[in-house]
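# Sequence and predicted structure are below.
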Amino acid sequence: MKEANYAPVYCALYPALANLVRTHGYALAIHGTLGRDMDLIAVPWVLLPDEPQDVVDAITRSFAVKEVGIAEVREHDRLVYTLSLSFGECFIDLSFTPNKVHGTPLPESKKQK
């Protein structure tokens, strides 16, 4: 029999995280085994989603979670944040995929000024 892990904690937390991240313009997906940590991918789902740091700040304000270290850019320009839950050795690696509008110019009303 394998040792118990924190997968049930991660699964219980996912719906609330997904709903919060959605309000900032991202779809949230789980990948990995959930055995050691929870690996999440936030994918832009609207034309101009909020900045990743704003999403992380909303998570840390809404949950007993804190940001650990600084965000890192990894393969394929993913921006990755590490978050620590307030107990045990529970961690979330939250990756944001790049927000790019391929070949489609932004409408005038959506351009950054």
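On my side now, so go ahead. Note that this is a predicted model, so its numbers are computed, not measured.

# what about the helices in this protein?
7-22, 52-62 (DSSP state H).

# Tell me which of these approaches residue 46 most closely.
With distances scored as C-beta to C-beta, the stretch of these nearest to residue 46 is helix 7-22 (9.6 Å). Where you see a C-beta, it was placed from the backbone N, CA and C, and this is true even at glycine.

# and the longest strand seen in the chain, what other elements does it pack with?
Using DSSP state E, we find that the single longest strand of the chain is strand 65-74. Judged by 3 or more C-beta pairs under 8 Å, 6 or more residues apart in numbering; DSSP states H and E, strand 65-74 is in contact with helix 52-62, strand 78-85, strand 91-96.

# how close does the residue nearest to residue 18 when sequence neighbours are not counted get to residue 1?
Of all residues not flanking residue 18 in the chain, residue 28 sits nearest, at 4.4 Å (C-beta to C-beta, 6 or more residues apart in numbering). From residue 28 across to residue 1, the span is 31 Å (C-beta to C-beta, to the nearest Å).

# More neighbours: which of those two?
In this view residue 28 and residue 1 are compared by other C-beta atoms under 10 Å, and residue 28 has more residues nearby, 20 against 3.

# Thought residue 38 was touching that one, still the case?
No - counting by C-beta atoms under 8 Å, residue 28 does not reach residue 38; the two are 10.7 Å apart.

# hey, what's in contact with both of those two?
Common neighbours of residue 28 and residue 38 (criterion: C-beta atoms under 8 Å, 6 or more residues apart in numbering): residue 14.

# Could you list the low-confidence segments of the protein?
Residues of the chain that meet the criterion pLDDT under 70 lie in 88, 101-113.

# out of everything not next to it in sequence, what's closest to residue 65?
Spatially, and ignoring its direct neighbours in sequence, residue 65 is nearest to residue 83 (4.9 Å; C-beta to C-beta, 6+ apart).

# Tell me the bridge partners for that neighbour.
For residue 83, the beta-bridge partners are residue 67, residue 92 (DSSP bridges).

# Quick check, central residue of this protein?
residue 94 (3.8 Å; C-alpha atoms, centre = their mean).

# how close does it sit to residue 4?
Note on residue 94: its distance to residue 4, by C-beta to C-beta, is 24 Å.
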